[in-house]
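*Asks:* Build me a structure from this.
(chains A and B)
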Amino acid sequence: MPAALTVDGLSVDFDGFKAVNSVSMIVDEGELRVLLGANGAGKTTLMDLISGKTKSTGGRVFLYDTEITNMEEHEIALAGVGRKFQIPSVFKDLTVRRNLEVVSCHDTRVIANLGFGFSREGEKRVDEVLELVGLSEESKTIAANLSHGQTQWLELGMLMVQNAKVLLLDEPTAGMTQAETLKTSKIINALKGKHTLLVVEHDMVFVREIAERITVMHLGQVLAEGSVTEIEQNPKVREAYLGSRAIS
Amino acid sequence: MTKRHIEIAAYALFIAAMMLAPLVLDSFWVNRLAKYLVFGMLGIAVALSWGYAGILNLGQGLFFGGGAYMLAMSLKLASQTSLQQGSDKPVPDFMLWNAEPGSQTDLCCINKASFLWIPFQNQWFGVAMGIVLPVCIAALLGIMMFRKRIAGVFISIITLALVLLVRLLIIDAQPITNGFNGLTDLGWFKLFGFEFDPYVTQTYYLIAGSLAVVLIAARLLIETRAGLILQAIRDDQNRARYLGFDVPRFQTFFFTVSAGISSFAGMLYVIAAEFASPTFMDLSFSISMVVWAAVGGRASILGACIGAILINTVTATVSETKGFAEAWKAIIGLIFVLVVLYLPRGLAGLAHDLADRLVNRLNAWRSKATAGQQANKIQPAE
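*Replies:* Down below sits the predicted model:
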């Protein structure tokens, strides 16, 4: 399988502090990779570097064969990288359906959008996604009035409509109840195969539910990489991240 | 009936009322109302940039004044006052008064910068510049601000500083702008040989027609996909950016459209009021526009437009009512405070709520009626 996302020696230097220090990883097409690590390990910063929020000071990022290192955020997005933020961010004054319709405008120029209505495929996709994330009933609700979990699902839905090749999900279950977490894992499992996913997550129950391979980060560097069992038994990971306890 | 029907009805009603107003008003009030309709257009411009793009421009007067001055220069040259001393070459009277002794009384060289006026002898040059200049300034300013990701209050500060700067420049450039006196004693605007005397109804209809067109165009513009994307950007710039939208482009586009509407309003105002003055670029005027939009409802094109017309009409009436002549500012101030406290979405918000209630009640009544009908049909079978 071709590599969908290649990170090669990526570094960022914040006035001498290396938040991410020559990180390299290859995520295959259709793979779901979990990024694990203690607070401050550089997981979110790594996502910032890939998605263009933070400019890297060294190394390169490739999306398939295209180099996307340090491009503008919207250019990286157009190249095919979708991002979900830790704090759910949706267009809160628009209805749920409108939120998805905005994303269905794949031609993002101003002039191209000086027309009315949305393409038939776009509307069809919006319907499908509403069904997938379980928000069909709420399609006319203003996004600001959704519950926390629903907001997270709406944002996941937006990434589905965007149809990005690689999705970066930053703690998609943060602040969710158990039932909500379960539903989220279902949504994410449905994305597997169609999209390449890179997920930052702490909740081990959830990680076991979705993970295939795990990359563990520690102090800005990659500490280990492997399957769930390999990682759980890796002595270096136990020492650095989990203390002497097993992964709970 | 849906909310959409009510909205269309509201627009139709407003335009009809505007078109019929001259039938019941005398020519003094017709002229006055024409000016307020121009302010209504400014309300639209503010709603577009503040309500829909989230850009609070406190320098809207810059574009209004820009449009006004450009057309006023042409109309000044068309005025009788520019044809003194039996000359057939127009020269603005204030240039003659201030000319150095012995200087040639011609636009080319009566003073150092007077040549700038030469092309304005053609009225259509003034009209073209009235749109082109403000739009170019807005586009440049927009590109610089939005590319730098300046947002929120900093946009307000920059635009505010800019309008005051330009106001100062205009007052300072006395030889070609007549300083703080502005351009007065203007000629009439001509269209297909017709002269728009500010006190005839044709002038009113020129302005009312323009407002109707701008009103509908602006409403349609926010109905487009681009308009929707703009609102998304207003809600969460970053989200839009990571979905692939080039945010500064959308912001610059709508900022520029808003500036274009303002400059068009500036030109219409000159036709109705027969003067252009640096007061158009006073801070208080630009802030007034924002207040009109806030009262009318910044998230509604029609609301902001009506807000502007209403406040100006009320202000004029109250300030001329005996006993209120001194207190009118306090009364207007009180209205603002009450609206901001109790109607944060302005009068349009109130109208929306009423429309919602009406639609719900109608639907409930209709479903009850159909349920009753069905019950009637079933009964005989029993």
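*Asks:* leaving aside the residues next to it on the chain, what's closest to residue B:122?
*Replies:* Spatial nearest neighbour of residue B:122, excluding adjacent residues (CB to CB, 6 or more residues apart in numbering or on different chains): residue B:74 at 7.2 Å. For the C-beta atoms, the positions are set from N, CA and C on the backbone; glycine is no exception.
*Asks:* Quickly find the element holding the one you found.
*Replies:* Per DSSP states H and E: residue B:74 is located in helix B:60-77.
*Asks:* which residues are contacting the following helix or strand past that helix?
*Replies:* Proceeding N to C from helix B:60-77, the next assigned helix or strand is helix B:93-97, under DSSP H and E. The contact list for helix B:93-97, computed with CB atoms under 8 Å, 6 or more residues apart in numbering or on different chains, reads B:81, B:82, B:84, B:105, B:110, B:111, B:114, B:175, B:176, B:178, B:181, B:185.
*Asks:* how does it look with 7 Å?
*Replies:* Helix B:93-97 has contacts (CB atoms under 7 Å, 6 or more residues apart in numbering or on different chains) with B:81, B:82, B:84, B:105, B:110, B:111, B:114, B:175, B:178.
*Asks:* Pull the distance from that helix to the chain's centre.
*Replies:* Computed by CA atoms, centre = their mean, to the nearest Å, the chain-centroid distance of helix B:93-97 equals 31 Å.
*Asks:* Stretch A:208-227 now?
*Replies:* That offset, for stretch A:208-227, works out to 15 Å (CA atoms, centre = their mean).
*Asks:* got it, and stretch B:322-331?
*Replies:* 26 Å.
*Asks:* What is the end-to-end distance of it?
*Replies:* 14 Å (CA to CA, to the nearest Å).
*Asks:* List the buried residues for that stretch?
*Replies:* residue B:328 (16 or more other CB atoms under 10 Å in any protein chain shown).
*Asks:* mean confidence score for it?
*Replies:* Mean pLDDT, computed over stretch B:322-331, is 77.
*Asks:* Kindly report the same for stretch B:111-121.
*Replies:* Averaged over stretch B:111-121, pLDDT sits at 88.
*Asks:* who's in contact with that stretch?
*Replies:* With contacts defined as CB under 7 Å, 6+ apart, stretch B:111-121 is touched by B:73, B:74, B:77, B:90, B:95, B:99, B:107, B:108, B:125, B:126, B:175, B:176.
*Asks:* in it, what counts as buried?
*Replies:* Under 16+ other CB under 10 Å, the buried positions of stretch B:111-121 are B:114, B:117, B:120, B:121.
*Asks:* Report the separation between the two terminal residues of that stretch.
*Replies:* Start-to-end span of stretch B:111-121 (CA to CA) is 17 Å.
*Asks:* Distance from the chain centre to it, please.
*Replies:* Using CA atoms, centre = their mean, the offset of stretch B:111-121 from its chain centre is 28 Å.
*Asks:* now stretch A:207-214
*Replies:* The answer for stretch A:207-214 is 14 Å, by CA atoms, centre = their mean.
*Asks:* and if you look at stretch A:16-28?
*Replies:* 17 Å.
*Asks:* ok, and what's touching it?
*Replies:* A:1, A:3-12, A:33, A:42, A:45-46, A:49, A:59, A:196, A:198, A:215, A:220-222.
*Asks:* ok, now with 6 Å
*Replies:* Contacts to stretch A:16-28, defined as CB atoms under 6 Å, 6 or more residues apart in numbering or on different chains, come from residues A:1, A:3-12, A:33, A:42, A:45-46, A:196, A:215, A:220-222.
*Asks:* Flag the shaky bits of chain A, pLDDT-wise.
*Replies:* Residue ranges of chain A with pLDDT under 70: A:241-248.
*Asks:* Quick check: residues of it near chain B?
*Replies:* Within chain A, the residues that sit near chain B (CB under 6 Å from any CB of the partner chain) are A:73-74, A:77-78, A:83, A:89, A:91-93, A:102-103, A:105, A:108, A:110, A:113-116, A:162.
*Asks:* Show me the residues you listed that map onto strands.
*Replies:* Among those, the ones falling in strands (DSSP state E) are residue A:83.
*Asks:* List the ones among the residues of chain A next to chain B that fall in helices.
*Replies:* Among the residues of chain A next to chain B, the ones falling in helices (DSSP state H) are A:73, A:74, A:77, A:78, A:102, A:103, A:162.
*Asks:* Identify the farthest-apart pair in those.
*Replies:* Farthest-apart pair in those is A:73 and A:102; separation 16.3 Å (CB to CB).
*Asks:* more neighbours, the two?
*Replies:* Neighbours were counted for residue A:73 and for residue A:102 using other CB atoms under 10 Å in any protein chain shown; residue A:102 has more, 27 against 22.
*Asks:* Three-state assignment for the closest residue to that one other than its chain neighbours, please.
*Replies:* Nearest residue to residue A:102 in three dimensions, chain neighbours excluded: residue B:232, at 4.5 Å (CB to CB, 6+ apart). Following DSSP: H, G, I helix; E, B strand; the rest coil, the label given to residue B:232 is helix.
*Asks:* And residue B:232, how far from residue A:99?
*Replies:* Residue B:232 is 8 Å from residue A:99, where distance means CB to CB, to the nearest Å.
*Asks:* where do the contact lists of the two overlap?
*Replies:* With CB under 6 Å, 6+ apart, residue B:232 and residue A:99 have common neighbours residue A:91.
*Asks:* ok, the two, which is more surrounded?
*Replies:* Using other CB under 10 Å as the criterion, residue B:232 and residue A:99 rank with residue A:99 on top: 30 against 27.
*Asks:* ok so residue A:20 is a strand residue?
*Replies:* Yes - under three-state DSSP, residue A:20 falls within a strand.
*Asks:* Tell me how many other residues crowd the closest residue to it other than its chain neighbours.
*Replies:* Spatially, and ignoring its direct neighbours in sequence, residue A:20 is nearest to residue A:42 (4.5 Å; CB to CB, 6+ apart). Using other CB under 10 Å, residue A:42 has 24 neighbouring residues.
*Asks:* these two touch, right, residue A:42 and residue A:217?
*Replies:* Yes - with contact defined as CB atoms under 6 Å, residue A:42 and residue A:217 form a contacting pair (5.5 Å).
*Asks:* still on that earlier bit, out of the buried residues of stretch B:111-121, which one sits closest to residue A:54?
*Replies:* Distances from residue A:54 to these, taken by CB to CB, are shortest for residue B:120, at 51.8 Å.
*Asks:* pLDDT (mean, whole number) over stretch B:58-74?
*Replies:* When pLDDT is averaged over stretch B:58-74, the result is 95.
*Asks:* how about that stretch as PDB, C-alpha atoms only?
*Replies:* Output in PDB follows, covering the C-alpha atoms of stretch B:58-74 (Å, rounded to 0.1, in the frame of the first residue of the first chain):
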ATOM      1  CA  LEU B  58     -15.400  52.200  11.800                       C
ATOM      2  CA  GLY B  59     -14.200  54.100   8.700                       C
ATOM      3  CA  GLN B  60     -17.100  53.500   6.400                       C
ATOM      4  CA  GLY B  61     -17.300  57.300   6.000                       C
ATOM      5  CA  LEU B  62     -14.000  57.100   4.000                       C
ATOM      6  CA  PHE B  63     -15.700  55.300   1.200                       C
ATOM      7  CA  PHE B  64     -18.900  57.400   1.400                       C
ATOM      8  CA  GLY B  65     -16.800  60.500   1.400                       C
ATOM      9  CA  GLY B  66     -14.700  59.200  -1.400                       C
ATOM     10  CA  GLY B  67     -17.700  58.700  -3.700                       C
ATOM     11  CA  ALA B  68     -19.200  62.000  -2.600                       C
ATOM     12  CA  TYR B  69     -16.100  64.000  -3.300                       C
ATOM     13  CA  MET B  70     -15.400  62.500  -6.700                       C
ATOM     14  CA  LEU B  71     -18.900  63.200  -8.000                       C
ATOM     15  CA  ALA B  72     -19.000  66.600  -6.300                       C
ATOM     16  CA  MET B  73     -15.900  67.700  -8.200                       C
ATOM     17  CA  SER B  74     -17.700  67.000 -11.500                       C
END
